[in-house]
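After the sequence you'll find the predicted model.
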Amino acid sequence: MKDASPAKIYALHIGVIALLFALNFVLPDYHQGLFARIMALAVFAMGYNLLFGYVGLLSLGHAMFFSAGLYGAGLAVYQLGWGVPEAFVAGVACGALLALVIGLLALRTSGVAFMIVTMMFAQVFYLLILYFAAWTGGDQGLVIQQPSRIIAIGGASLDLTNPTVRYMSALALFSVVLLITLVLVRSRFGRVLVAIRENEERTKMLGYDTVANKLVAVVASGAICAASGAAYALLFGYIGSSFASVQYSILPLLWVLLGGAATILGPLIGTLFMYYVTDITSGFTSAYLLIVGVALILLVLFFPKGVLGSVRQRWLGWLP
Amino acid sequence: MADKNGFFDLSKSTLSRRTALKGIVAGAGLALAPGFVRYSQAQSSAPIKIGFQSHRTGIGAAYGRWYEKTSAAAVKAINDAGGISGRKVELVIEDDGTDPARGAEVVGKFATQHKTDIVFGTLFSHVVIGSAPAAGENKIPYFVVSEGHHVASTKLNRYVFQPGITDVKSQIQSMAPWIAANAGKKVTQIFPDFAFGYDHRDYLPPALKAQGADVIAQIAIPPTESSFTKYFPQIPAETEVIYHVMVGPAVLTFVKELGEFYGSQRPQLFGFIDSLEAVDINSPGLEFLDGSHFWEGSPRYAQPDDSAAQKAYRAAVGIDDNGAAVGDPKDVSTAAHMFGCWETLYVVKKAMEDAGYKGPEDRAKLVEATEALKEFAEGPEHPQGPKTFNGKIHQCFGIQNISKVEGGKLKVVHKTKIEDGLYEPEGDYTTQAL
């Protein structure tokens, strides 16, 4: 990575946030709603990217962290009658705690074994949701009604079912996570993570506790993914087991690969791209997944480091 | 910035979205791009646009294809007869991938991009439940053909209706008197260990109890299972009836292994045709089902006493006497469910005409007009049979068919009454604000 002034880097990322803010006033209704979903799910991809892109740990089980947040927040509202802010915190806490436990167990492995172990834990989590269907709603899922999705602030209230409020809430979460990950990967801790990715043995030899650093990364990644899941439940009002299926472990991997692993803005670009390719092509053919597949193959062939990864390699070496 | 309701509503700020749109050049550029075109308000002579949320891909694809065929046939019949209030009807189809997340996006797309008048046609329960919040938030009436109990449970919202097909709770309750009187009083249930199975697990025992029969064992089979022999020893020896509702590709293995387990000496078998929708009843391995009974919403095979309306419906949709596509005997239909699409579209027509529906601004009137409906007479618009409609729980009630497998065909041996499937309402949607 070439040196660049922090001002330039922060200006770029704050500019992206400002652009997204402005888009709220410009986008037609449907795309405003779609962008809210994309931003909420881009957070999921950013959480995944922290572990996959920066530490080099390929997990196939991140659906469990996303759905830990989804169910942690959703069930807190549905079953316990909690308010939205407390439920959101509960969702993030569930994801962080789960990530700590899974991290302690799964980090005893690496490489392909790490992929398989995380996938197995995610499958267990998925089946537990089905097993406890009396509480979770199982495969049918549960609806969080509109009155439960209103945040009371003093005399006023924020209705998360209002499209503008929803867009701004998703943007707020996206912005906070974007800036946190930016600071994180530019910090000393972030450089240790990259060092682990590049050569774990050498990092260990230099005196770093690589297991502890990886564990912190797993917990941070799990918490961010859970924040995305919690936001998804509260913003869109549905929780269901399909979000814990293996498909939702693979999706963030695809989004990150597309946008560019180990780039801060790559997850947003990847999520945006996949959403719009699916949305547009499904209007023309029921074989849209084939088109998505071909698009992925072409991207891998011509942009092997993802969109932003390739841009960084060829033109903007300073991109974080 | 709280409005009079105390809601913090950014959309009513001084920098309104429309004002900003006018002022921002980039926005204008985007607005002119394909797919971003704002649609003009429908004219009174413009077609009524019905957003069809179709399972074109994913696990529901077999149903989705037949739901589309049936809906297209119904729309053609409605248009040939003058449309709705003199306006033509147009189906706008979007694939939801049988996925609840995509389903919600599709409902949003119908409401805000296609600007359809209503959304219609969803079958799979998890997609209905996942999409319902989007329908409520966009205040767009959402007519599903799902047979799930979720609409009638009143856990969704005021914009969701199921007027064209009965719900599973009602269906199970209707089956109990016949099972107890004709098949046996000691029943063992075998069901998939997920929601579809849980409906049967929860609703059958009390329904049978009321008829003096008992469920003596309940065997839940994990959805990942591909072999079933190890579960059969759990079936109590005194079982008189095995009530099975397995679904999915493994159902052929299930029946084959059950046949191998029992040989020629088996208890009575009763199942729901959901197990074998779009599957040829004469498929290898299904011989064991000969002589057993099934629930059917609408009969797959043409019956000797079919009404003229039933015959006309089958001809319009394009299914032969065996319930397969005309000209392709291997393309077996989802006859037991897809009639619901036909009937729902006629309910929509009736409600729109009652409401004097002009366009999306009349959606609330359409909801109220639908809630005011009471009954649908058997005839060309409701070929499956007569129905009543409970506007408080947005659910219809109708007759059910019990069919026997005989000589490789399903023959209707009993039709239930509407009253057999009635139950106490669990809530009231009409108390919710529009």
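On my side now, so go ahead. Residues are numbered from 1 along each chain as shown, chains lettered A, B, ... in the order given.

Give me the neighbour count for A:G155.
The number of residues packed near A:G155 is 7, by other CB atoms under 10 Å in any protein chain shown. In this view, the C-beta of every residue, glycine as well, is placed from N, C-alpha and C.

you'd agree A:L70 is up against A:L234?
No - in this structure, A:L70 is not within contact of A:L234 by CB atoms under 8 Å, at 9.3 Å.

More neighbours: these two, which one.
Ranked by neighbour count (other CB under 10 Å), A:L70 and A:L234 place A:L70 first, with 33 against 28.

pLDDT score assigned to that one?
Per-residue confidence (pLDDT) for A:L70: 97.

got it, and A:L127?
Reported pLDDT for A:L127: 92.

Contacts only, for it.
With contacts defined as CB atoms under 8 Å, 6 or more residues apart in numbering or on different chains, A:L127 is in contact with no residue.

SS state for it?
helix (DSSP: H, G, I helix; E, B strand; the rest coil).

Find the nearest non-adjacent residue to the most centrally placed residue in chain A, please.
Centroid-nearest residue in chain A, with CA atoms, centre = their mean: A:F44, separated by 0.9 Å. The shortest distance from A:F44 to any non-neighbouring residue, by CB to CB, 6 or more residues apart in numbering or on different chains, is to A:S228 (3.8 Å).

Would you map the helices across chain B?
In chain B, helices defined by DSSP state H lie at B:17-23, B:25-32, B:61-80, B:100-109, B:125-138, B:168-178, B:195-209, B:251-262, B:308-317, B:335-355, B:363-371, listed in chain order.

Among those helices, show the one with the smallest mean pLDDT.
helix B:25-32 (a mean of 43).

quick one, phi psi at A:G61?
Backbone torsions of A:G61, given as degrees, to the nearest 10, read phi -130, psi 20.

and it, how many residues sit next to it?
Neighbour tally, A:G61, other CB under 10 Å: 24.

which residues touch the residue of the stretch 201-350 of chain B found nearest chain A?
Closest residue of the stretch 201-350 of chain B to chain A, CB to the nearest CB: B:P223 (7.3 Å). Residues near B:P223 by CB under 8 Å, 6+ apart: A:L130, B:P192, B:D193, B:F194, B:G248.

Please name the bridge partners of the second one.
Here B:P192 sits in beta bridges with B:I221, as judged by DSSP bridges.

That one touches B:V251, doesn't it?
No - between B:P192 and B:V251 there is no contact under CB under 8 Å: 9.5 Å.

Quick check: buried residues in the helix or strand harbouring A:S221?
In this assignment (DSSP states H and E), A:S221 forms part of helix A:210-236. Of the residues in helix A:210-236, those buried by neighbour count under the rule 16 or more other CB atoms under 10 Å in any protein chain shown are A:210, A:213-236.

ok, now stretch B:209-219?
B:A213, B:V215, B:I216, B:A217, B:Q218, B:I219.

With pLDDT and distance to B:I59 added, can I get those residues in a markdown table?
Listed next are those as a markdown table, based on pLDDT from 0 to 100; distance: CB to CB, whole Å:
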| residue | pLDDT | distance to B:I59 |
| --- | --- | --- |
| B:A213 | 95 | 33 |
| B:V215 | 96 | 28 |
| B:I216 | 96 | 32 |
| B:A217 | 96 | 28 |
| B:Q218 | 96 | 25 |
| B:I219 | 95 | 23 |
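
Mind checking which of those are in strands?
Counted as lying in strands by DSSP state E, out of those, are B:V215, B:I216, B:A217, B:Q218, B:I219.

by how many degrees do the helix or strand where the residue nearest to the centre of chain A lies and helix A:210-236 diverge?
Of the helices and strands defined by DSSP H and E, A:F44 is found in helix A:29-49. Helix A:29-49 and helix A:210-236 meet at an angle of 160 degrees, taking axes from the mean of the first three to the mean of the last three CA atoms, to 10 degrees as the criterion.

Packing partners of helix A:29-49?
Counting by 3 or more CB pairs under 8 Å, 6 or more residues apart in numbering or on different chains; DSSP states H and E, the packing neighbours recorded for helix A:29-49 are helix A:6-26, helix A:163-186, helix A:210-236, helix A:247-259, helix A:266-281, helix B:100-109.

Next secondary structure element downstream of it?
Heading C-terminal from helix A:29-49 (DSSP H and E), you reach helix A:63-78.

Now do the following helix or strand past that following helix: which elements does it pack against?
Later in the chain than helix A:63-78, the nearest helix or strand by DSSP H and E is helix A:84-106. Judged by 3+ CB pairs under 8 Å, 6+ apart, the packing partners of helix A:84-106 are helix A:63-78, helix A:112-131, strand A:150-153, helix A:210-236.

10 Å - rerun?
In terms of contacts (3 or more CB pairs under 10 Å, 6 or more residues apart in numbering or on different chains; DSSP states H and E), helix A:84-106 is packed against helix A:63-78, helix A:112-131, strand A:150-153, helix A:163-186, helix A:210-236.

Report the angle between the last one and helix A:63-78.
Between the axes of helix A:210-236 and helix A:63-78, defined by the same axes, to 10 degrees, the angle is 40 degrees.

What are the structural domain limits within chain B?
B:48-166+B:337-397, B:168-296+B:403-412 (automatic domain parsing).

Point out the one among the ones you listed that comes closest to A:L290.
domain B:48-166+B:337-397 (10.4 Å; CB to CB).

Distance from the chain centre to that closest one, please.
With CA atoms, centre = their mean, to the nearest Å as the basis, domain B:48-166+B:337-397 stands 10 Å off its chain's centre.

Could I get the average pLDDT for stretch B:226-243?
For stretch B:226-243, the mean confidence score works out to 93.

And A:C225, how close does it get to A:L51?
Using CB to CB, to the nearest Å, one obtains 9 Å as the distance from A:C225 to A:L51.

just B:A217 next, same as before
Applying CB to CB to B:A217 and A:L51 gives a distance of 46 Å.

returning to what we had before: export the helices of chain B to TSV and append columns for distance to chain A.
What follows is the helices of chain B, written out as TSV (distance: least, CB to the nearest CB, whole Å):
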stretch	distance to chain A
helix B:17-23	4
helix B:25-32	4
helix B:61-80	8
helix B:100-109	5
helix B:125-138	4
helix B:168-178	12
helix B:195-209	4
helix B:251-262	17
helix B:308-317	20
helix B:335-355	17
helix B:363-371	15
